[in-house]
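Enquirer: Sequence first, predicted coordinates after that:
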Amino acid sequence: MLDVTAKIPLKDPDLFRQANYIAGQWVQAESGKTIAVRNPATGEVIGNVPAMGQAETRRAIEAANAAWPAWRAMLAKDRAVVLHRLAALMHENADDLAAIMTAEQGKPLAEAKGEVVYSASFIEWFADEGRRVYGETIPQNAKGRRIIVTKEPIGVFAAITPWNFPSAMITRKAGPGWAAGCTGVIRPASQTPFSALAIAVLAERAGMPTGVCNVITGPSGETGKELTANPIIRKLSFTGSTEVGRVLLAQCAATIKKTSMELGGNAPFIVFDDADLDQAVLGAMASKYRNTGQTCVCANRILVQDGVYDAFAAKLKAAVEGLKVGPGMEPGVTQGPLINADAVTKVEEHIADALAKGATVVTGGKRHARGGNFFEPTVLANVPRAAKIFGEETFGPVAPLFRFKTEEEAIRLANDTEFGLAAYFYARDVGRIFRVAEGLEYGIVGINEGIISTAEVPFGGFKQSGLGREGSHMGIEEYLEVKYLALGGIGA
Ligand SMILES: NC(=O)C1=CN([C@@H]2O[C@H](COP(=O)(O)OP(=O)(O)OC[C@H]3O[C@@H](n4cnc5c(N)ncnc54)[C@H](OP(=O)(O)O)[C@@H]3O)[C@@H](O)[C@H]2O)C=CC1
Ligand SMILES: O=C(O)[C@H](O)CS(=O)(=O)O
């Protein structure tokens, strides 16, 4: 196996595992095949992970199933002890976890450290939520009867996660699952497996019993087919593109799995003429350029009311030109590379299409001089409604500015999409705030706020942005079944 840990500055190289974690064992693929993982900033191989197939995936599912009875039988407070220990270990190893994440995903080290804290917060939050899985009693409908409602862990879960948040998307799924008393199989993105594998190392150190946590890597088709078809899996949680979400939903239908889908977005970011423009620019920078624009809640369309359009565009240009593009480990870098060449191509296509339809470049607009997957942070002006970038998720550092005149027009434009995950607007008139918040068809609405994600809140979308909610007290409900007890024979 390629020894590459030297390329990633780790205090504890043992956190970097080029293997999979099944039934408490670190194993390779039966075929001996591996998948190379490359640093998106340099293109160099940072490591290899096993290319597991259907047989190994089944083994992982069966390991989780074997571990389930004992894990569910534990007191919630005892599961919480293990989970809080895991979160503490994540904090203690945050520097290494961040270095691994920056190496495999490219995000600036400061953002990677922020994601480690964000990721640990889901473990901490759900460790305690697991102790508040309350049932209820209902006034009986007949004498001699009692009505009791309880909630129970649903069983073995599968988590299929994306590359843009290699740690937080793992814990936003496994955290509530484990806290509810479920066991699971985690299948991280092939481009960013090492963060998930490091979590497994720490789960083992935290005393999580074998089989509760299993992490597999391998071709998405083979692993995905087993995870969606195997009847032992009772819950599937996915974060990724809407296109893949549709495939997984269809594949889960045969065994009627409970699913959570966190899918694509197309967030409008609306600036009204009564907005605080400086705050709006700060919010737009935070929402648009976080993770180099590669988040499902990034502002994808910036709608600016005519009266403040030029002033906002000028302020945004100045702020964007303050961003520093480079490898995530380089001090001061605030924009890392895009994840791969396909992502660069998609960004170029959106820009070229907009320019061909009349848009103009305010700043940026082309590949960065550093080459590879680096792209200039970009602002486009006078973008027409017909541009692709209006209807498609760019997933890159491009802020297209659209004009509008009236509040009604802004809401109509904002809602003119099949997506409904996050939306943002900046305004100060209280009547406008309520009218617009209530008119937007989105699961998440940032009002004078550009960063909205935290473990305490229900994260999820309307329309084709997904199903279910992650985070908040709602997030654990996704891993529970409701049981109604009709108790008779009680006499009078
Ligand atoms: N909502 C969100 O947060 C995200 C949205 N996206 C959107 O998706 C677009 C494409 O990004 P991309 O990374 O390709 O996202 P994908 O949806 O293709 O991949 C997300 C995850 O699903 C896995 N996957 C892909 N196809 C299958 C399948 N048939 N069966 C089982 N698992 C599968 C991938 O595995 P593998 O890594 O092996 O391909 C990865 O782990 C982005 O441009 C963005 O618009 C992307 C990421 C996150
Ligand atoms: O998938 C994503 O892009 C994340 O859900 C975004 S966030 O939760 O980190 O804001």
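Expert: Received the coordinates, thanks. Numbers count the residues shown, from 1 in each chain. Ligands and ions are numbered 1, 2, ... in the order given.
Enquirer: alpha carbons only for contacts and neighbour counts from here, please
Expert: OK.
Enquirer: Residue numbers of the chain in contact with ligand 2?
Expert: The chain comes close to ligand 2 at residues Thr295, Cys296, Val297, Ser453, as judged by Cα under 6 Å from any ligand atom.
Enquirer: Keep those, but drop any that are not near ligand 1.
Expert: By Cα under 6 Å from any ligand atom, the members of these lying near ligand 1 are Thr295, Cys296.
Enquirer: How many neighbouring residues does the closest residue to ligand 2 within the stretch 201-350 of the chain have?
Expert: The nearest approach of the stretch 201-350 of the chain to ligand 2 comes at Thr295, 3.3 Å away (Cα to the nearest ligand atom). Neighbour count of Thr295, defined by other Cα atoms under 10 Å: 23.
Enquirer: who's in contact with it?
Expert: Residues near Thr295 by Cα atoms under 8 Å, 6 or more residues apart in numbering: Asn164, Phe395.
Enquirer: pretty sure Val445 is in a strand, no?
Expert: Yes. Counting by DSSP: H, G, I helix; E, B strand; the rest coil, one finds Val445 located in a strand.
Enquirer: thinking again about what came up before, of the residues of the chain next to ligand 2, select the buried ones using a PyMOL command.
Expert: Those of the residues of the chain next to ligand 2 that count as buried under 16 or more other Cα atoms under 10 Å are selected in PyMOL with:
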select buried, resi 295+296+297
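Enquirer: so where do the helices sit in the stretch 51-200 of the chain?
Expert: Ranges of helices in the stretch 51-200 of the chain, per DSSP state H, counting those that start in this stretch, are 54-73, 76-92, 94-105, 109-129, 168-180, 194-205.
Enquirer: So for Thr239, which of these sits nearest?
Expert: helix 168-180 (7.4 Å; Cα to Cα).
Enquirer: helices or strands next to that closest one in the packing?
Expert: Helix 168-180 sits against helix 76-92, helix 109-129, strand 156-160, strand 183-187, helix 474-477, with contacts defined as 3 or more Cα pairs under 8 Å, 6 or more residues apart in numbering; DSSP states H and E.
Enquirer: which one of the ones you listed is the most hemmed in?
Expert: strand 183-187 (a mean of 30; mean count of other Cα atoms under 10 Å).
Enquirer: anything in it sitting right up against ligand 1?
Expert: No. Among the residues of strand 183-187, none lie within reach of ligand 1 under Cα under 6 Å from any ligand atom; the closest is 6.7 Å away.
Enquirer: Could you list the contact residues of this protein toward ligand 1?
Expert: Residues of the chain lying close to ligand 1 (Cα under 6 Å from any ligand atom) are 160-164, 188-191, 219-221, 224, 239-241, 244, 262-264, 295-296, 393, 395.
Enquirer: I only care about those that end up buried; give me the PyMOL line for that.
Expert: Buried residues among the residues of the chain next to ligand 1 (16+ other Cα under 10 Å), as a PyMOL selection:
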select buried, resi 160+161+162+163+164+188+189+190+191+219+220+224+239+240+241+262+263+264+295+296+393+395
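Enquirer: So which of the residues of the chain next to ligand 1 are in strands?
Expert: When DSSP state E is applied, these are split such that Ile160, Thr239, Glu262 fall in strands.
Enquirer: Make JSON lines out of these and add pLDDT.
Expert: Below are these laid out as JSON lines (pLDDT from 0 to 100):
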{"residue": "Ile160", "pLDDT": "98"}
{"residue": "Thr239", "pLDDT": "98"}
{"residue": "Glu262", "pLDDT": "98"}
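Enquirer: what's the closest of the residues you listed to Val27?
Expert: Looking across those and measuring by Cα to Cα, the closest to Val27 is Ile160, at 19.6 Å.
Enquirer: List the residues that contact that closest one.
Expert: By Cα under 8 Å, 6+ apart, the residues touching Ile160 are Ile186, Arg187, Pro188, Ala189, Leu236, Ser237, Phe238, Thr239.
Enquirer: cutoff 10 Å now
Expert: Shown in contact with Ile160 (Cα atoms under 10 Å, 6 or more residues apart in numbering): 169-170, 173, 185-189, 220, 223-224, 227, 236-240, 248, 261.
Enquirer: mind listing what's buried in stretch 255-275?
Expert: Buried, per 16+ other Cα under 10 Å, within stretch 255-275: 256-273, 275.
Enquirer: In the protein, where is pLDDT below threshold?
Expert: Scanning the chain for pLDDT under 70 picks out 1-6.
Enquirer: For burial, what's the neighbour tally of Arg385?
Expert: 14.
Enquirer: whoops, I mixed them up, Ala60
Expert: By other Cα under 10 Å, neighbour count at Ala60 equals 27.
Enquirer: show me the contacts for the closest residue to it other than its chain neighbours.
Expert: Closest residue to Ala60 apart from its sequence neighbours, by Cα to Cα, 6 or more residues apart in numbering: Ile22 at 5.3 Å. Counting by Cα under 10 Å, 6+ apart, Ile22 touches 28, 56-57, 59-64, 185, 200, 210-216.
Enquirer: Next: Thr137.
Expert: Arg146, Ile147, Ile148, Val149, Thr150, Tyr484, Leu485.
Enquirer: Could you check how far it is from ligand 1?
Expert: 38 Å (Cα to the nearest ligand atom, to the nearest Å).
Enquirer: Val212 too?
Expert: Counting by Cα to the nearest ligand atom, the gap from Val212 to ligand 1 is 20 Å.
Enquirer: Kindly report the same for His368.
Expert: Here the criterion is Cα to the nearest ligand atom. By it, His368 lies 19 Å from ligand 1.
Enquirer: do Ala381 as well
Expert: 22 Å.
Enquirer: How about Leu467?
Expert: From Leu467 over to ligand 1 the distance is 12 Å, taken as Cα to the nearest ligand atom.
Enquirer: ok, what's across the strand from the residue nearest to Ala60?
Expert: Beta bridges link Ile22 to Gln25 when assigned by DSSP bridges.
Enquirer: quick one, what contacts the residue positioned nearest the centre of the chain?
Expert: What sits nearest the mean C-alpha location of the chain, by Cα atoms, centre = their mean, is Met169, with 4.4 Å. Met169 is in contact with 115, 118-119, 122, 159-163, 175, 188, 196, 238-240, 262, 470, counting by Cα under 10 Å, 6+ apart.
Enquirer: swap the cut-off to 8 Å and go again
Expert: Met169 makes contact with Ser119, Thr161, Pro162, Thr239, according to Cα under 8 Å, 6+ apart.
Enquirer: Test my guess that the third one contacts Pro188.
Expert: Spelled out, that is Pro162. Yes. Between Pro162 and Pro188 there is a contact at 6.5 Å, judged by Cα atoms under 8 Å.
Enquirer: show me what contacts Glu376?
Expert: Val325, Gly364, Gly365, Lys366, Arg367, His368, Pro397.
Enquirer: In these, find the pair that's most separated.
Expert: Maximum pairwise distance among these (Cα to Cα): 13.7 Å, between Val325 and Gly365.
Enquirer: For the contacts of Glu376, which ChimeraX command selects only the ones that are buried?
Expert: In ChimeraX syntax, the buried subset of the contacts of Glu376 is picked out as below (16+ other Cα under 10 Å):
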select :325,364,365,366,367,368,397
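Enquirer: out of the contacts of Glu376, who's nearest ligand 1?
Expert: Of all these, Pro397 has the smallest distance to ligand 1: 12.2 Å, by Cα to the nearest ligand atom.
Enquirer: Now do the phi/psi pair for that closest one.
Expert: The phi/psi pair for Pro397 (degrees, to the nearest 10) reads phi -80, psi 60.
Enquirer: can you pull the contacts of the nearest residue to it once chain neighbours are set aside?
Expert: Using Cα to Cα, 6+ apart and skipping residues adjacent in sequence, the residue nearest Pro397 is Gly293, 4.6 Å away. Residues near Gly293 by Cα under 8 Å, 6+ apart: Ser287, Phe395, Gly396, Pro397, Val398.
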